[in-house]
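> Next come a sequence and a model predicted from it.
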Amino acid sequence: MADPSLTLERLFRDAIVAAFGPEQGAVDPLLRPSQFADYQVNAALGLAKVLERPPRQVAEQILAGLPLGGAIASAEIAGPGFINVVLSNEFLSGAVRDVAESGNLGLEPTANPDVVVIDYSSPNVAKEMHVGHLRSTIIGDAIARVLEARGHRVIRQNHFGDWGTPFGMLIEHLLDGGAEAAEHSVSDLNAFYRAARAKFDSDPQFAERSRQRVVLLQSGDPGTLQMWQQLVQASQAYFERIYALLGVGLRGEHNAGESIYNPRLAGVVAALTEQGLAVEDDGAMCVFPPGFKGRDDKPLPLIIRKKDGGYGYATTDLAAVRYRTVELGGTRLIYVLGSPQSQHLQMVFSAAALAGWLAPPARAEHVAFGSVLGADGKMFKTRDGEVVRLVDLLDDAVRRAKSVVHEKNPELSEDEQAQIARIVGIGAVKYADLSSDRIKDYVFDYDRMLAFEGNTAPYLQYAHARCRSILRKAEVELPSASAAHIETPEERALALALLSFPSVVAAVEDSLEPHRLCGYLFALATTFSTFFQSCPVLKANSPAERDSRLVLTDLTARTLSAGLGLLGIVAPDRM
RNA sequence: GCGCCUGUAGCUCAGCUGGAUAGAGCAUCGGACUUCGGAUCCGAGGGUCGUAGGUUCGAAUCCUACCGGGCGCGCCA
């Protein structure tokens, strides 16, 4: 029980019961960080209304049942009925020692593990990855890491767009160009796709061949399947190179493209029809989940079988829900998709629930995110109005990071500079994406994300490297955790920050909002900087004080490194 | 037309699910032991929280209406 807030919550819950009886046992003490103390408890104000008594009097009664002298150094009533709580140095010191020797930074596995099935990244085969995929990939990866750290079983699903009508034209184009086109498809996917599209639009004969090819593909024609496979494999190899560059934990084993649901689609329609959930409408089979209306107040359909007998994405998405709960045993389905798909997903969830494929405790969540904007505040594009290739964007970030690293630290070897540039450049891109509330759009700006000031990855990486540097310079074995003694205000602030790491990770686990972790890490880094400024470590007044501060420095480094790690960002030892 | 998201300092963003005087970073201005990594730290100025009502001890946060921006809304994914 390293996190002081857990101890305090328990103590205050007990005190509330002691004061007002077990019927108030469920009352939340409303423990919050405070600018006036270490924490403040706000429960008295709410209780006052229920009990019809003056708030300050209620607060006094709570305090009467509170044991002093242990964790709590002081607890005082302030203002209308707030209780300001200050922890004792002994308690803080003990908590820091516990965490420092625990090896897991206070992160305990959850008592209620889920089988999490998380759908993210999901690029389209035979199409270039672009900024649109950046957010899903980065956010999904961070969330997967956080949930794993909390002890959930996490199943990653890369829901590739590897099926459907475009593959008719892509295969025909591949056939027209032969092997040369296959090579081409890997080196410049955008051009390959555009060329196929152009032919499809301008050449009716080609368009007809393409439609025939789709039929062949869906009916399982071996020759067609082989060509399709060729396209898929080339793309997957390409994506994996990007994932490696990004440091994202997606591998072949996580591939779960739309095609895997092909054999399951007919069953989905059959099941929904049998249950009476699907009805025919204008020649198509539709499910009308309640509560969704379109223009003219007409109910909105999920079209699960088109007029021509084909299946669209709604059917695939329903098959995926069914697969993830029934076959994979998922209890928490997570979809990391842009916010425009919100309504569609809600309809899918609703229909799946009606069909019994999404029943408690299983539930589904849409982790929605906004767009990446350019400096002009519009959708991020190149000067020619083209979508930005993800590789170009990442290469650019690494290149810029390299010139910064070269300028700031020229004595590092060329190899080291290159390696650090990659860590810093990629980290900057990821952190910029993760550090603001994901539902909002954000402006992509190399200069700001690579700045060493402010809430950026380089600043955090620098703070970590500085800690490591001190530990190197100490030229002694790291003192044992028992050396930790918290005394000064700066040490107290740092200790409080370090100890709240687990509760922040838990908050992200719950909200699926990585920016909370970013905000925490930034606050931790600035708190450390303040500590570092006024509390000499290597030049401390006594060996005991030095050892204590070395423990704090080491714990800060480990927390920064682990926190960044949960975001998928590497913290180098020097930079 | 209906629905979802969004509006906080000059700029970029937080605000822990209703708590005290709304906070950071850039930028601006002023400082710091002749640097345990100054790639740092301390301080100052800067706000009708889009607008108007409402709910209550208390609202940036919840409710309603309006204004401005973005995105969806039947056989594409």
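Great, that's in hand.
> wait, what's in contact with A:Ala525?
Residues in contact with A:Ala525 (CB atoms under 8 Å, 6 or more residues apart in numbering) are A:Tyr459, A:Leu460, A:Ala463, A:Leu560. (C-beta placed from N, C-alpha, C; glycine too.)
> do the same with A:Phe160
A:Ser122, A:Pro123, A:Asn124, A:Val125, A:Val232, A:Ser235, A:Gln236, A:Asn255, A:Ala256, A:Gly257, A:Glu258, A:Ser259.
> Those in helices, which ones?
A:Val232, A:Ser235, A:Gln236 (DSSP state H).
> what residue of chain A is the furthest out?
For chain A, the largest distance from the centre (CA atoms, centre = their mean) belongs to A:Gln205, which lies 46.2 Å off.
> Phi, psi for that residue please.
The phi/psi pair for A:Gln205 (degrees, to the nearest 10) reads phi -60, psi -40.
> next one: A:Ala451
Taking degrees, to the nearest 10, you get phi -70, psi 150 for the backbone angles of A:Ala451.
> can you redo the ones in helices among the contacts of A:Phe160 as JSON lines with pLDDT, neighbour count and distance to A:Leu66?
Shown next, in JSON lines, are the ones in helices among the contacts of A:Phe160 (pLDDT from 0 to 100; neighbours: other CB atoms under 10 Å; distance: CB to CB, whole Å):
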{"residue": "A:Val232", "pLDDT": "90", "neighbour count": "20", "distance to A:Leu66": "64"}
{"residue": "A:Ser235", "pLDDT": "89", "neighbour count": "24", "distance to A:Leu66": "62"}
{"residue": "A:Gln236", "pLDDT": "90", "neighbour count": "18", "distance to A:Leu66": "60"}
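> got a markdown table for these, with distance to RNA strand B too?
Listed next are those as a markdown table, based on distance: CB to the nearest atom of the strand, whole Å:
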| residue | distance to RNA strand B |
| --- | --- |
| A:Val232 | 14 |
| A:Ser235 | 15 |
| A:Gln236 | 16 |
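> one step back: ok, and the most crowded of the contacts of A:Phe160?
If you count neighbours using other CB atoms under 10 Å, the busiest of the contacts of A:Phe160 is A:Val125, which has 27 neighbours.
> Could you check how far it is from A:Ala234?
A:Val125 sits 9 Å away from A:Ala234, going by CB to CB, to the nearest Å.
> What of A:Lys402?
For A:Lys402, the distance to A:Ala234 - CB to CB - is 30 Å.
> Neighbour count for those two, which is higher?
Counting neighbours by other CB under 10 Å for A:Lys402 and for A:Ala234 shows that A:Ala234 has the greater number, 20 against 17.
> Domains in chain A, by residue range?
Domains of chain A are assigned by automatic domain parsing as A:4-87, A:166-254, A:457-566.
> okay, those, which one's buried deepest?
domain A:457-566 (a mean of 19; mean count of other CB atoms under 10 Å).
> Please give the centre-to-centre distance between that one and its chain.
23 Å (CA atoms, centre = their mean, to the nearest Å).
> same check, this time on stretch A:565-575
For stretch A:565-575 - counting by CA atoms, centre = their mean - the centre lies 16 Å from the chain centre.
> likewise stretch A:133-140?
Distance, centroid of stretch A:133-140 to centroid of chain: 8 Å (CA atoms, centre = their mean).
> at contact distance from RNA strand B, anything in it?
No - on the criterion CB under 7 Å from any atom of the strand, stretch A:133-140 is out of touch with RNA strand B, staying 11.7 Å away.
> tell me the mean pLDDT for that stretch?
On average, the pLDDT along stretch A:133-140 is 96.
> So which residues on the stretch 351-500 of chain A come close to RNA strand B?
So the stretch 351-500 of chain A meets RNA strand B at A:370-371, A:377, A:379, A:404-405, A:408-409, A:435-437, A:439-443, A:448, A:451-455, A:458-459, A:462, A:465-466, A:468-470, A:473 (CB under 7 Å from any atom of the strand).
> Which ones among these lie within strands?
Those of these mapping onto strands are A:Tyr442, A:Val443, per DSSP state E.
> Quick one, which of the residues of the stretch 351-500 of chain A next to RNA strand B are buried?
Those of those that meet the buried threshold are A:370-371, A:404-405, A:435-436, A:442, A:451, A:455, A:458-459, A:462, A:465-466, A:468, A:470, by 16 or more other CB atoms under 10 Å.
> Now the residue nearest to A:Gly249 when sequence neighbours are not counted: which helix or strand?
Of all residues not flanking A:Gly249 in the chain, A:Asp141 sits nearest, at 6.1 Å (CB to CB, 6 or more residues apart in numbering). Taking DSSP states H and E as the definition, A:Asp141 sits inside helix A:131-149.
> Next SSE downstream of that helix?
According to DSSP H and E, the helix or strand after helix A:131-149 is strand A:153-157.
> okay, the angle between that next one and helix A:131-149?
160 degrees (axes from the mean of the first three to the mean of the last three CA atoms, to 10 degrees).
> quick one: A:Ala64 and A:Ile16 touch, right?
No - contact criterion CB atoms under 8 Å: A:Ala64 and A:Ile16 do not qualify, at 11.0 Å.
> and A:Ala364, which of the domains of chain A is closest to it?
domain A:457-566 (12.1 Å; CB to CB).
> For the stretch 251-400 of chain A, just list every one of the helices.
A:265-274, A:313-322, A:342-354, A:390-408 (DSSP state H, counting those that start in this stretch).
> So which of these is the most surrounded?
helix A:313-322 (a mean of 24).
> Is any residue of that one near RNA strand B?
Yes - using CB under 7 Å from any atom of the strand, helix A:313-322 reaches RNA strand B at A:Tyr313, A:Thr316.
> ok, back up a step: buried residues of the helix holding A:Asp141, list them for me.
Buried residues in helix A:131-149 (16+ other CB under 10 Å): A:131-147, A:149.
> excluding its backbone neighbours, what's nearest the residue of the stretch 401-550 of chain A found nearest RNA strand B?
Residue nearest to RNA strand B within the stretch 401-550 of chain A: A:Gly454 (2.0 Å; CB to the nearest atom of the strand). Nearest residue to A:Gly454, sequence neighbours excluded (CB to CB, 6+ apart): A:Arg448, at 7.6 Å.
> what sits against the one you found?
By CB under 8 Å, 6+ apart, the contact set of A:Arg448 is A:Ala432, A:Gly454, A:Thr456.
> same check, this time on A:Ser503
By CB under 8 Å, 6+ apart, the contact list for A:Ser503 reads A:Asp3, A:Ser5, A:Leu6.
> among the residues you listed, which one has the lowest pLDDT?
Among those, A:Asp3 carries the lowest pLDDT, at 86.
> Hmm, that one is touching A:Pro502, no?
Yes - using CB under 8 Å, A:Asp3 is in contact with A:Pro502, at 5.2 Å.
> list the residues that contact both of these two?
Common neighbours of A:Asp3 and A:Pro502 (CB under 8 Å, 6+ apart) are A:Gly106.
> check contacts around A:Thr325.
Per CB under 8 Å, 6+ apart, neighbours of A:Thr325: A:Thr331, A:Leu333, A:Ala352, A:Trp357, A:Leu358, A:Ala359, A:Ala362.
> before we move on, the earlier item: from the contacts of A:Arg448, which land in helices?
A:Ala432.
> Now tabulate the contacts of A:Arg448 in a markdown table and tack on pLDDT.
Listed next are those as a markdown table, based on pLDDT from 0 to 100:
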| residue | pLDDT |
| --- | --- |
| A:Ala432 | 95 |
| A:Gly454 | 91 |
| A:Thr456 | 95 |
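> thinking again about what came up before, going by distance to RNA strand B, which of the contacts of A:Phe160 wins?
Nearest member of the contacts of A:Phe160 to RNA strand B, counting by CB to the nearest atom of the strand, is A:Glu258, at 5.5 Å.
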